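In: All I have is the shape, not the residue letters:
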């Protein structure tokens, strides 16, 4: 049975109630989503009916190398589609490369300004918080590890940061911005991976699903990024107005829509997002062999650039922003001196940056260098000067 037939069978089973409790999003109330309409099939039974069959044909017919070569010049949201694309693929991009009708440019502009004002905290939280959290999300860890990107985590991380960087840029959603294009490239990559990963013996042996990257999985990733950052900013008492909170959420709502998640499963408010996160993210966090290996790869990348801190400090910062439980799962060695430093230096750093303390802490420069180093490492692969282009894979992790 091919992937599309399995997907139809699963969807039919969910619709008829044959699959039991379909899980995370199935019980969502109509008022909880941006669609304002009752959710039907649970998001774990939804993949991408537009992109998936298209990418099966592109991969099976050998078109992907030509697509990767052609769309390298397709960067800004208002760029014309490049020549050299298969006609069917170009037609698809022409349909999806646009904002949803409910996108609010005023909020999106404010979100971009908010990202600029809070980029220091966002880099730390996305990098050492969300990035490492992804390694204890079993399905995500296994999908990343067994895909082609799992064999080169610096490149894989750089592409992920390209997505986040383009989302955070001023004018990200405007014609001169780049995020709409970046999101649609990412959506196509997801579709390619859905076709490729089930062909991996390693992934099949470890996975608890037959098709990866469902709508539910994308929502889990959203909560490990946007919802997690939202919660930490509040916990750290960063000045964060209601308007900024709404704008930040809206940018993620549009991003999740562009990745192909149906609107009826996208949270309408932060309250709804937090409730959904507790439902779909919190209960599933646990270590896997693949995730432990990925976490070590990610933290090991820091040895390639001078971040001004020790590995023990990084381990303890991960424990600080996630939890000791996660640190223990990943086998992060304790450094109690660094732990004490993190727990005093980071709050002092925030107070000074936000003008809430007139005294510059002695560790201010160290913290600033850490943030800059993380940005350099992931955004331009340690200093090459350019962000990493998103490309479609044609295979899985080498044996």
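Out: That came in fine, so what should we check first? The structure displayed is predicted, hence computed values, not measured ones. Residues are numbered from 1 along each chain as shown.
In: Between the two ends of stretch 118-128, how far is it?
Out: From its first residue to its last, stretch 118-128 covers 16 Å (C-alpha to C-alpha, to the nearest Å).
In: got any ranges where the protein has weak pLDDT?
Out: Applying pLDDT under 70 to the chain flags the ranges 1-31, 36-40, 302-306, 375-387.
In: Quick test: name the residue nearest the centre of it.
Out: Residue closest to the average C-alpha location in the chain (C-alpha atoms, centre = their mean): residue 221, at 5.2 Å.
In: From what I see, it and residue 133 are in contact.
Out: No - using C-beta atoms under 8 Å, residue 221 is not in contact with residue 133; the gap is 9.7 Å. All C-beta atoms are positioned from the backbone trio N, CA, C, and that covers glycine.
In: circling back: which SSE is the residue nearest to the centre of the chain in?
Out: Counting by DSSP states H and E, the element that carries residue 221 is helix 215-222.
In: what packs against that helix?
Out: If you count contacts as 3 or more C-beta pairs under 8 Å, 6 or more residues apart in numbering; DSSP states H and E, helix 215-222 packs onto helix 138-146, helix 242-258, helix 270-280.
In: ok, 6 Å please
Out: Contact analysis of helix 215-222 by 3 or more C-beta pairs under 6 Å, 6 or more residues apart in numbering; DSSP states H and E lists no helix or strand as a packing neighbour.
In: show me where the stretch 151-300 of the chain has helices.
Out: Taking DSSP state H, counting those that start in this stretch, the helices of the stretch 151-300 of the chain run over residues 153-168, 179-196, 201-206, 215-222, 228-235, 242-258, 270-280, 289-300.
In: which residues are contacting the second one?
Out: The one in question is helix 179-196. 48, 51-52, 55-56, 59, 77, 96-97, 147, 163, 166-167, 172-173, 211-213, 258-260, 390, 392-393, 396 (C-beta atoms under 6 Å, 6 or more residues apart in numbering).
In: can you check stretch 60-80 too?
Out: Outside stretch 60-80, the residues within contact range by C-beta under 6 Å, 6+ apart are 58, 82, 84-86, 175-178, 180-181, 389, 391-392, 394.
In: For residue 145, which residues are in contact?
Out: Residue 145 is in contact with 290, 294, counting by C-beta under 6 Å, 6+ apart.
In: separation between it and residue 374?
Out: According to C-beta to C-beta, to the nearest Å, residue 145 and residue 374 sit 22 Å apart.
In: Correct me if wrong, but residue 343 is in a strand.
Out: No - secondary structure of residue 343 (DSSP: H, G, I helix; E, B strand; the rest coil): helix, not part of a strand.
In: number of nearby residues for it?
Out: Neighbour count for residue 343, taken as other C-beta atoms under 10 Å: 13.
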